[in-house]
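**Q** Requesting a structural model of the entry that follows:
(one chain, ligands or ions: 1)
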Amino acid sequence: MCGIVGYIGKKHRAGEVLLDGLKRLEYRGYDSAGMCVMDEGREQTFKAIGKVNILEKKIGKCRTKTNIGIAHTRWATHGKPSIKNAHPHKSGKIHLVHNGIIENYQELKDELIKKRHEFYSETDSEVVAHLIDEENKKYDFETAVIRALTQICGAYALVIIHEDEPKKMIAVRNSSPLVIGVADGEFILASDASAIIQHTNRVVYIDDGEMVVLTPDTYRVKTFSGKNKRKKEQLLDWTDDEAQKEGYSHFMLKEIFEQPNAVSDALRGRIILKNGNAKLGGLIEVTEQLRDIERIVIVSCGTSYCAGLVGEYMLEEYAGLPTEVEYASEFRYRKPLVNKKTAVIAISQSGETADTLAAIREAKNKGALTLGIVNTVSSTIARETHAGVYNHAGPEVGVASTKAFTSQLSILVLLTVFLGRQRQMSFTMGKKILSELKHIPKKIDKVFEDEKNIKRIARKYAKYESMFYLGRKYNFPIAMEGALKIKEISYIHAEGYPSGEMKHGPIALIDKNFPSVILAPNDSVYDKTLSAIEEIKARGGKVVAITTEGNREKLKKHANDIIEIPKTLEMLTPLLSVVPLQLLAYYAGAKKGFDVDKPRNLAKSVTVE
Ligand code: AGP
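**A** Residues are numbered from 1 along each chain as shown. Down below sits the predicted model:
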């Protein structure tokens, strides 16, 4: 997830509008920033590593009176944060900024190199500039863009300018957001309205498969196949802050709702159904070493630890690899038994968690192969592990981890198939898992349809002081994650427990003031879970059940409140069952008036012991 801005108009200096827009979009990415402005076809490009204020200092007084320009604040996906990898990218007279991921960039790059194109960056985005430039040798600017689009696969919002056409700007969208701010004598293009509303509240949202051609006086929208589109303007009455959150009241809620996209981005280009296998570019260099691995140890903290626990179930059942999950803070100080036949996997959203980093250093020291499942490109853990897979979930702003978690689970499924296929997993099984995994984003959307019911339940239970979160097998880690979420956001004491363990002691706590949230999907342990529900009900405890759709009638007499999730493979249920738990925590915290995005005593990235 990056932030892009474009300006074309007669009223302002482009550079000023762009810098201001970048500052407001910084929450979307902040590892580097850049800008290209044009004055009568003379281009000026500025780039800086780090935040937008560093770019601003670099630009200094060089802000000439320009009225067209593009800018970008980056959240790295392909290629580390560096000046070379910062946008805008150029080829010949074409300059562009990109938000998204080009899946087939390597094939396209190889072809373009054969045609003598020289590349300066490691990014997927630069390939698009070269493709347009190549097409522009034979076709006009607009046609060249369309011809380039027919060759790229992936997600993109692109804003493109041409040195020979200083009064034209082209933008296109496929699966990455893009909105036009419309004012008299000027237009602003951006990833979201926060870069726009201080200039105008008139906006037009661009849809997938649409292209916009703008001049200082007018704009027209057409489909990639050339059909003109009439678009409706909308009037926004958002504040700056609301615009950054795209109308959601908190980043946490926005990020919960971003999960279908975060999962799609984690899977993009990595599912190869015809081979029944996953393609994980970041593991290519260690592929042969991974064949010889006899054991896996996952080290992580908090939510990332819960993701690791789900991974353990998947890896053991489907890849046949003995797997243990350890709190990184424990692993680092005991005597871990690892060797070169052990892969130690660090899972970390930030890539900077001190305990996880120390655990990885310890494992490396003992000769283990270290891998990372990390969201932040070029973070310390990403750099210090031997190899790894990036999440591509975009920055997570809310302290409570939500979209990073489902994205971590998605990568763990891909890894299970990859390692499984190196061992005993059949083509049919690999294909079955991956085909169903592809449907998960749509099924998460389906969970959101029950938001009203979840909100009602959250408000009802927000008054309790203590709760149990119970689950079994794949959903035991989700019970732990649900309890962690409600603790940190709503300050309710909650215990995540394996439902089968209740009868060994904790059930003594149950009474009418101690409700339980029970994960009860239609899986191989459903009957056992039903027994746990009965045991709790028999002791006067209230029950909220998360179950598979179609079960409501059957469960009605057992549970006080019911939330349904779509049917999926047992190993994939955690990707769906966690979503209502995130919403429960969010709405309970919001009802109590807490600062959901910045809960007390917590930090987003824990870089101390
Ligand atoms: C979860 O909501 C928390 N923010 C916290 O438990 C977090 O998952 C943990 O600190 C690990 O962070 P990491 O994924 O960045 O390493």
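
**Q** residues from the stretch 201-350 of the chain in reach of the ligand?
**A** Neighbours of the ligand within the stretch 201-350 of the chain, by CB under 6 Å from any ligand atom: 301-304, 348-350. All C-beta atoms are positioned from the backbone trio N, CA, C, and that covers glycine.

**Q** any idea which element residue 130 lies in?
**A** Assigned by DSSP states H and E, residue 130 belongs to helix 125-136.

**Q** for the residues of the stretch 201-350 of the chain next to the ligand, which one is nearest residue 508?
**A** residue 302 (27.9 Å; CB to CB).

**Q** tally of neighbours for that closest one?
**A** 22 (other CB atoms under 10 Å).

**Q** Show me what the helix holding residue 130 is packed against.
**A** strand 89-91, strand 94-102, helix 105-114, helix 141-149, strand 154-162 (3 or more CB pairs under 8 Å, 6 or more residues apart in numbering; DSSP states H and E).

**Q** give me the residue from the stretch 501-609 of the chain nearest the ligand.
**A** Per CB to the nearest ligand atom, residue 606 is where the stretch 501-609 of the chain lies closest to the ligand, at 4.8 Å.

**Q** what's the answer for the chain, then?
**A** Closest point on the chain to the ligand, by CB to the nearest ligand atom, is residue 302, at 1.8 Å.

**Q** can I assume that residue is in contact with residue 484?
**A** Yes: with contacts counted by CB atoms under 8 Å, residue 302 reaches residue 484, the gap being 6.6 Å.

**Q** And the helix or strand bottoming out on mean pLDDT in the chain, what's buried?
**A** For the chain, counting by mean pLDDT, DSSP states H and E, helix 240-244 ranks last in confidence among helices and strands (a mean of 77). By 16 or more other CB atoms under 10 Å, the buried positions in helix 240-244 come out as 242-244.

**Q** Past that helix, which element shows up next along the chain?
**A** helix 251-257.

**Q** what does the chain put close to the ligand?
**A** For the chain, the residues found near the ligand under the criterion CB under 6 Å from any ligand atom are 301-304, 348-350, 353, 356, 399-401, 488, 605-606.

**Q** May I ask which of these comes out lowest in pLDDT?
**A** Lowest pLDDT of the residues of the chain next to the ligand: residue 605, 77.

**Q** ok, so what distance separates that residue from residue 252?
**A** The gap separating residue 605 from residue 252 is 16 Å, by CB to CB, to the nearest Å.

**Q** got the CA coordinates for stretch 162-176 in CSV?
**A** Only the C-alpha atoms of stretch 162-176 are listed here, as CSV (Å, rounded to 0.1, in the frame of the first residue of the first chain):
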residue,chain,number,x,y,z
HIS,A,162,4.7,12.6,-20.6
GLU,A,163,7.4,15.3,-21.1
ASP,A,164,6.1,16.1,-24.6
GLU,A,165,2.5,16.6,-23.4
PRO,A,166,2.8,18.9,-20.4
LYS,A,167,-1.0,19.6,-20.4
LYS,A,168,-2.1,16.0,-20.1
MET,A,169,-2.2,13.5,-17.3
ILE,A,170,-3.4,9.9,-17.5
ALA,A,171,-4.5,7.7,-14.6
VAL,A,172,-5.7,4.1,-14.5
ARG,A,173,-7.1,1.8,-11.9
ASN,A,174,-7.3,-1.9,-11.3
SER,A,175,-7.8,-3.2,-7.7
SER,A,176,-6.0,-0.2,-6.1
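
**Q** Tell me which residues of that stretch come out buried.
**A** Buried residues in stretch 162-176, defined by neighbour count with 16+ other CB under 10 Å: 162-163, 165-166, 168-176.

**Q** Redo these as CSV? Include distance to residue 198 and pLDDT.
**A** Formatted as CSV, the buried residues of stretch 162-176 follow (distance: CB to CB, whole Å; pLDDT from 0 to 100):
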residue, distance to residue 198, pLDDT
162, 28, 97
163, 29, 95
165, 28, 94
166, 25, 92
168, 25, 96
169, 20, 97
170, 24, 98
171, 20, 98
172, 25, 97
173, 23, 95
174, 28, 93
175, 27, 85
176, 23, 87
